[in-house]
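[1] Coordinates for the following, if possible.
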Amino acid sequence: ITVSYATSDGSTSDGSAAEAGSDYSESSGMLEIPAGETTGVITVLVNGDTDVEPDEEMTLTLFEPVGAKLIYNGSMVIGNIINDDTLFRTLTMPKVADLETEEGNSGTTNLNLEFEISKASTEDIFIKYTTLAKAQGSLGKDELTDVADSDDYVSVTSTDEPLVFPAGSKKATLTIKINGDLDYEADERFYLVIYALNQETDGVQLDANELLEITIINDDPIPEE
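    Next comes the predicted model:
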């Protein structure tokens, strides 16, 4: 048994009509069902994307059967392409291994922290943050030991140095300057606070404040006696 087939775009006018090339790969040909078999498979390739859109329809039409007869309405099949994208956007923090750096002996050393969002936006996204020596109030962390102070790093906030995901980009980098010295001392720590964000107002969702513990690694030798 053979039957010819061809795909075509959906016929709806509400934005749910799938289009060949962008939503799926146009296909046509002949399906052959071997003797003794009762079924056959036609494969239509669907193109993935990250667009939030309605579920879309395309049509598969069967015609010119040989050795069989198409039943009523059996010559046209509606295929549904289900949307699996969402506007919900999440924020990924830097890796723990990237939250530390040696201080250097003079000047400043740049600690570059890379953040990533799950989906690029058509508009700039601004992240609110601040550096903090100690956890205060309801920030929910124990007090640090060997706390870094203002001589160890340059305090910065999102007002001073915006952390921005430019439109169309999923990545952004925040640079914190670490002050070098020649003092032998314990490794020192401070916090970077990323404040809670709301999808509707900020363009990305972060349900609670995120505290990142940053370590300044001592790279100076023990003084000789």
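[2] Trp3 - that's part of a helix, no?
    Not quite, residue 3 is Val, not Trp. No. Val3 is assigned strand when assessed by DSSP: H, G, I helix; E, B strand; the rest coil, not a helix.
[3] Hmm, it is touching Leu31, no?
    Yes. Val3 lies in contact with Leu31 (CB atoms under 8 Å); the separation is 5.3 Å. Placement of C-beta: from N, CA and C, glycine included.
[4] what's next to the lowest-mean-pLDDT helix or strand in the chain, contact-wise?
    Of all helical and strand segments in the chain, the minimum by mean pLDDT, DSSP states H and E falls on helix 199-202, at a mean of 86. With contacts defined as CB atoms under 8 Å, 6 or more residues apart in numbering, helix 199-202 is touched by Leu87, Phe88, Arg89, Ile125, Phe126, Ile127, Lys128, Gln205.
[5] I'd like the next helix or strand past that helix.
    Counting by DSSP states H and E, the next helix or strand C-terminal to helix 199-202 is strand 210-217.
[6] average pLDDT for that next one?
    Strand 210-217 shows a mean pLDDT of 93.
[7] Repeat that for stretch 130-144.
    61.
[8] same deal with stretch 14-26?
    90.
[9] And the contacts of that stretch?
    With CB under 8 Å, 6+ apart, stretch 14-26 has contacts from 7-11, 44-47, 49, 53-58, 79, 81.
[10] which non-adjacent residue is nearest the residue nearest in space to the middle of the chain?
    Nearest to the mean C-alpha position of the chain, by CA atoms, centre = their mean, lies Ser118 at 1.5 Å. Sequence neighbours aside, Thr90 is the residue nearest to Ser118 in space, at 4.6 Å (criterion: CB to CB, 6 or more residues apart in numbering).
[11] Contact partners for that neighbour?
    Thr90 neighbours (CB under 8 Å, 6+ apart): Ile117, Ser118, Val204, Gln205, Leu206.
[12] Just the buried subset of those, please.
    Ile117, Val204, Gln205, Leu206 (16 or more other CB atoms under 10 Å).
[13] Show me what the last one bridges to in the sheet.
    On the basis of DSSP bridges, Leu206 is bridged to Leu197.
[14] Isn't it up against Leu91?
    Yes. The pair Leu206 / Leu91 is scored as a contact, 5.3 Å apart, by CB under 8 Å.
[15] Report the residue spans of this structure with pLDDT below the cut-off.
    72-74, 134-145 (pLDDT under 70).
[16] what do you get if the cut-off is 90, keeping everything else the same?
    Scanning the chain for pLDDT under 90 picks out 10-16, 49-54, 70-77, 83-89, 119-123, 132-151, 183-186, 199-203, 220, 222-225.
[17] residue ranges of the strands in this protein, please?
    2-9, 28-32, 56-66, 76-81, 91-92, 100-102, 108-117, 125-127, 129-132, 163-165, 171-179, 188-194, 210-217 (DSSP state E).
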